[in-house]
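Undergrad: Next one to model:
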Amino acid sequence: MRAVFLDRDGVICENRPDHVKNWDEFQFLPEAKNSLAALSRLGLAVVVVTNQSVIGRGIVSMSAVDDIHRRMIDEVATFGGRIDRVVCCPHHPDENCGCRKPKAGMLLQVANEMGIDLCHSYMVGDAASDLLAGQRAGCRTFMVLTGRGLQQLVPAFHSVDGQFTITRNLMGATTHILKAELSVADDAEMPSQPYFTTLQLAHSF
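TA: Next up is the predicted model:
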């Protein structure tokens, strides 16, 4: 089993300067639902890994974030896509936890629980921290220019040692992933059914 890991804010939804605090403030980025529908047709687990320090800062409750993610999964499903897992880091940056990106903890947790081959998986984000987390886990990484992407390009070039692919948005990254998976399919039959669909919010590990 392999996976595509996706950051949430700036990749799937608009990245608000005052944070996404409820479902009314959650706005899908253009082409995001189309991208998720396309990714869902592959034999990959689709996993959202998101830093949500708004919980640790006391701005938003865990239950509110849980509600946002349930609604996000439902909306994606009605559009023909799927999200198999949502894992979030709720900690304040000062807590120095093991799950907050740029650490790879969330990806490693999912890999352990789902048997993911990280070296043949993908990470898509809009920040240098996403790329670092993905590369520390051994994934192929993509930087989208939505969200904080443009502002994060210089920090990414300075902090990320390995190669990463820059794309306009999630659809651009999806196109690259589809091409890579078609190449894989030439040598091995890909599974036609999704692995499973569930929601898990990991508070810590």
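
Undergrad: and the longest strand that the chain contains, what's its mean pLDDT?
TA: Taking DSSP state E as the criterion, the chain has its longest strand at strand 44-51. Regarding strand 44-51, the rounded mean pLDDT is 98.

Undergrad: Downstream of that strand, the next helix or strand is which one?
TA: Under the assignment DSSP states H and E, the closest C-terminal helix or strand after strand 44-51 is helix 53-56.

Undergrad: which strands and helices sit next to that following helix?
TA: Packing partners of helix 53-56 (3 or more Cβ pairs under 8 Å, 6 or more residues apart in numbering; DSSP states H and E): helix 62-78. To be clear about C-beta, it is placed using only N, CA and C from the backbone, and glycine gets the same treatment.

Undergrad: what angle do the helix it packs on and strand 44-51 make?
TA: 150 degrees (axes from the mean of the first three to the mean of the last three Cα atoms, to 10 degrees).

Undergrad: Report the rounded mean pLDDT for helix 62-78.
TA: Mean pLDDT, computed over helix 62-78, is 98.

Undergrad: what sits up against the following helix or strand past that helix?
TA: Next along the chain after helix 62-78, taking DSSP H and E as the criterion, comes strand 85-89. Outside strand 85-89, the residues that touch it by Cβ atoms under 8 Å, 6 or more residues apart in numbering are 8, 45-53, 55, 65, 69, 72-73, 97, 99-101, 105-106, 109-110, 114, 198-202.

Undergrad: now strand 85-89, how far from the centre of its chain.
TA: Strand 85-89 has its C-alpha centroid displaced from the chain centroid by 9 Å (Cα atoms, centre = their mean, to the nearest Å).

Undergrad: Equivalent analysis for stretch 23-31, please.
TA: For stretch 23-31, the distance to the chain centre is 15 Å (Cα atoms, centre = their mean).

Undergrad: Endpoints of stretch 78-97, how far apart?
TA: Separation of the first and last residues of stretch 78-97 by Cα to Cα, to the nearest Å is 35 Å.

Undergrad: So which bits of that stretch are buried?
TA: Across stretch 78-97, burial judged by 16 or more other Cβ atoms under 10 Å covers 81-91, 97.

Undergrad: Check which helices and strands the longest strand of the chain sits against.
TA: By 3+ Cβ pairs under 8 Å, 6+ apart, strand 44-51 packs against strand 2-6, helix 32-40, strand 85-89, helix 105-114.

Undergrad: With respect to residue 125, which of the ones you listed lies nearest?
TA: In terms of Cβ to Cβ, the element of those nearest to residue 125 is strand 2-6, at 7.7 Å.

Undergrad: from the contacts of strand 85-89, which would you call buried?
TA: Buried, going by 16+ other Cβ under 10 Å: 8, 45-53, 55, 65, 69, 72-73, 97, 99-101, 105-106, 109-110, 199, 201-202, out of those.
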